[in-house]
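Participant: I'll drop the sequence and a predicted model, then ask my questions.
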Amino acid sequence: MAKTESGIKIITSNKKAHFNYFLSEFTECGIALMGTEIKSLRTHGCSLNDAYVIIRNGEMEVLNMHINPYDKGNIFNHDPLRNRKLLLHKKEIRWFDDKVKKDGFTIVPTRVYLKKGKAKIEIALAKGKKMYDKRETIKQRDIARKLKDGDF
């Protein structure tokens, strides 16, 4: 669990998204959760691998976000992969919808964190990388690592 100076406790981040997409326009939004889901998040039971956001009926939902069932939740536990509604203003949802429809972007979640005790998710507009872009990213990462270690 990483804690920053602004009181944010990062629960998980989507490292695959940074590798597979060019990300822009990061936005913070809330998540509509059930009681046992927030308890499970506090114990770091979350994964964003293969998660993405869709806009349906004027609402944004995150799909394939896995939140582990709460250990002590018994019959009140939730479905780990259920669709979860994102809490944004209507104007923001329309803006994202225009970007997805007109410009061919995808919306992906980049990280989940707790801010002042409330669960938040950061989403970003994403444009897919080609294979040569991914190789360039790997190359830049290797160069930075070698410079840091002093191998050059």
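Facilitator: Cool, the structure landed. Residues are numbered from 1 along each chain as shown.

Participant: how about the spatially most central residue of the chain, what does it touch?
Facilitator: In the chain, the centroid-proximal residue (C-alpha atoms, centre = their mean) is residue 109; its distance is 2.4 Å. Residues near residue 109 by C-beta atoms under 8 Å, 6 or more residues apart in numbering: 14, 17, 48, 51, 52, 53, 62, 65, 121, 122, 123. In this view, the C-beta of every residue, glycine as well, is placed from N, C-alpha and C.

Participant: mind checking how far the helix or strand hosting it is from the chain centre?
Facilitator: Per DSSP states H and E: residue 109 is located in strand 106-115. Distance, stretch centre to chain centre, for strand 106-115: 3 Å (C-alpha atoms, centre = their mean, to the nearest Å).

Participant: What of stretch 14-21?
Facilitator: Taking mean C-alpha positions (C-alpha atoms, centre = their mean), stretch 14-21 and its chain are 10 Å apart.

Participant: buried stuff in that stretch?
Facilitator: Using 16 or more other C-beta atoms under 10 Å as the test for burial, stretch 14-21 gives 14, 17, 18, 20, 21.

Participant: Please look at the second one and residue 107 and confirm they touch.
Facilitator: Going back to what we said before, that points to residue 17. No. Between residue 17 and residue 107 there is no contact, the gap being 10.5 Å when judged by C-beta atoms under 8 Å.

Participant: Can you check which residues contact both of those two?
Facilitator: With C-beta under 8 Å, 6+ apart as the test, residue 17 and residue 107 both reach 124, 126.

Participant: The longest helix anywhere in the chain - contacts with which helices or strands?
Facilitator: As assigned by DSSP state H, the longest helix anywhere in the chain is helix 131-149. Using 3 or more C-beta pairs under 8 Å, 6 or more residues apart in numbering; DSSP states H and E, the elements in contact with helix 131-149 are helix 15-20.

Participant: mind running it again at 7 Å?
Facilitator: Contacting helix 131-149 under the criterion 3 or more C-beta pairs under 7 Å, 6 or more residues apart in numbering; DSSP states H and E is no other helix or strand.
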